[in-house]
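*Asks:* sequence and predicted structure below; questions after.
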Amino acid sequence: MTLQSWLLFCLTEIVLCISPGPAVLFVVSTALRRGFRPGTLAATGILAGNTFYFMLSATGIATLLLASHRLFAILKWGGAAYLLWLGLRMLMARVPAPEASADQGAQGRQLTFLRAFITQAANPKALVFFIALLPQFINPGDSVPRQILILGLSSVAIEFSVLSAYAAMAARARALTTRRFAGSLERIGGSCLIIAGARLAWSRHD
């Protein structure tokens with residue numbers, strides 16, 4: 001893998017990360033509801049999902065999953081339903097106090113991480129990315145595992161930076177919002193997840 005290929009991969013990754021998708025919308029909704037630290041925790045869950053797909057891509061298992069229209073459909077509709085459920089749950093939930101929502105506790109942090117991981121792992125577009133796009137930047141004449149490791153670490157660093165920036169902006173909006181408008185933020189966060197679920201449901205498997 002040449003330096004030019006690596007830089008092109010990084011540029012492609014940045015563009016894709018900035019584009020609002022299920023991962024971005026989940027992090028934003030979490031930061032709006034609970035603050036910056038929970039937002040970055042959600043980002044780590046998203047990255048854990050990406051790492052999972054990198055591992056599948058390295059072993060070739062993801063190719064089999066992508067080839068099965070039935071498994072792809074199950075993954076897509078399951079992920080969409082999960083995001084819609086989370087969004088509706090936020091819309092109907094009672095608004096927590098700002099200090100209470102920021103202090104999640106160990107169980108709350110684990111739940112945030114797990115929800116983020118499921119959100120990304122159930123996103124078939126992430127699967128398509130790692131199967132269709134990743135090989136374009138790998139030189140088969142060089143060590144493939146080493147190249148996958150380099151691209152994987154680069155992807156994690158870039159996406160964490162982008163998602164953390166989104167979390168910081170959402171948390172800033174939350175900090176400037178008074179208790180009176182906390183319900184509006186909750187509804188915005190829920191709407192983000194519903195939009196993410198709808199986009200996932202309408203995604204096509206070409």
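*Replies:* Received, thanks.
*Asks:* list the buried residues in the longest helix along the chain.
*Replies:* As assigned by DSSP state H, the longest helix anywhere in the chain is helix 144-175. By 16 or more other Cβ atoms under 10 Å, the buried positions in helix 144-175 come out as 147-148, 150-152, 154-156, 158-160, 162-164, 166-167, 170-171, 174. The C-beta positions use only the backbone N, C-alpha and C, and glycine is treated the same way.
*Asks:* which elements pack onto that helix?
*Replies:* helix 3-18, helix 22-34, helix 36-59 (3 or more Cβ pairs under 8 Å, 6 or more residues apart in numbering; DSSP states H and E).
*Asks:* any idea of the angle the shortest one forms with helix 3-18?
*Replies:* Per axes from the mean of the first three to the mean of the last three Cα atoms, to 10 degrees, the angle that helix 22-34 makes with helix 3-18 is 50 degrees.
*Asks:* from the contact counts, what lies against helix 22-34?
*Replies:* helix 36-59, helix 69-92, helix 98-102, helix 105-121, helix 144-175, helix 182-202.
*Asks:* worst mean pLDDT among these?
*Replies:* Of all the helices and strands packed on helix 22-34, helix 98-102 carries the lowest average pLDDT, namely a mean of 49.
*Asks:* would you list the phi and psi of Ile138?
*Replies:* phi -110, psi 130 (degrees, to the nearest 10).
*Asks:* neighbours of it, how many?
*Replies:* 18 (other Cβ atoms under 10 Å).
*Asks:* could you report the distance from it to Leu16?
*Replies:* Separation of Ile138 from Leu16 (Cβ to Cβ, to the nearest Å): 17 Å.
*Asks:* same question for Leu176.
*Replies:* Note on Leu176: its distance to Leu16, by Cβ to Cβ, is 29 Å.
*Asks:* who's more crowded, these two?
*Replies:* Leu16 (18 against 8).
*Asks:* and the contacts of stretch 37-49?
*Replies:* Applying Cβ atoms under 8 Å, 6 or more residues apart in numbering, the contact partners of stretch 37-49 are 23, 26-28, 30-31, 102, 104, 108-109, 112-121, 123, 126, 156, 159-160, 163-164, 166-168, 170-171.
*Asks:* can you do 6 Å?
*Replies:* 23, 26-27, 30-31, 109, 112-113, 116-117, 120-121, 156, 160, 163-164, 167, 171 (Cβ atoms under 6 Å, 6 or more residues apart in numbering).
*Asks:* also stretch 159-179?
*Replies:* 17, 24, 27-28, 31-32, 35-36, 39-40, 43, 47, 185.
*Asks:* put the alpha carbons of it into PDB.
*Replies:* Coordinates of each C-alpha in stretch 159-179 appear next as PDB, following Å, rounded to 0.1, in the frame of the first residue of the first chain:
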ATOM      1  CA  GLU A 159     -14.100   8.200  13.000                       C
ATOM      2  CA  PHE A 160     -13.500   8.800  16.700                       C
ATOM      3  CA  SER A 161     -12.300  12.300  16.000                       C
ATOM      4  CA  VAL A 162     -15.300  13.100  13.800                       C
ATOM      5  CA  LEU A 163     -17.900  11.500  16.200                       C
ATOM      6  CA  SER A 164     -16.300  13.300  19.200                       C
ATOM      7  CA  ALA A 165     -16.700  16.600  17.300                       C
ATOM      8  CA  TYR A 166     -20.300  15.900  16.700                       C
ATOM      9  CA  ALA A 167     -20.700  14.900  20.400                       C
ATOM     10  CA  ALA A 168     -19.000  18.100  21.500                       C
ATOM     11  CA  MET A 169     -21.300  20.300  19.400                       C
ATOM     12  CA  ALA A 170     -24.400  18.400  20.600                       C
ATOM     13  CA  ALA A 171     -23.300  18.600  24.200                       C
ATOM     14  CA  ARG A 172     -22.600  22.400  23.800                       C
ATOM     15  CA  ALA A 173     -26.200  22.800  22.600                       C
ATOM     16  CA  ARG A 174     -27.400  20.800  25.500                       C
ATOM     17  CA  ALA A 175     -25.400  22.900  28.000                       C
ATOM     18  CA  LEU A 176     -26.800  26.200  26.600                       C
ATOM     19  CA  THR A 177     -30.400  24.800  26.900                       C
ATOM     20  CA  THR A 178     -32.400  25.500  30.000                       C
ATOM     21  CA  ARG A 179     -34.500  23.000  31.800                       C
END
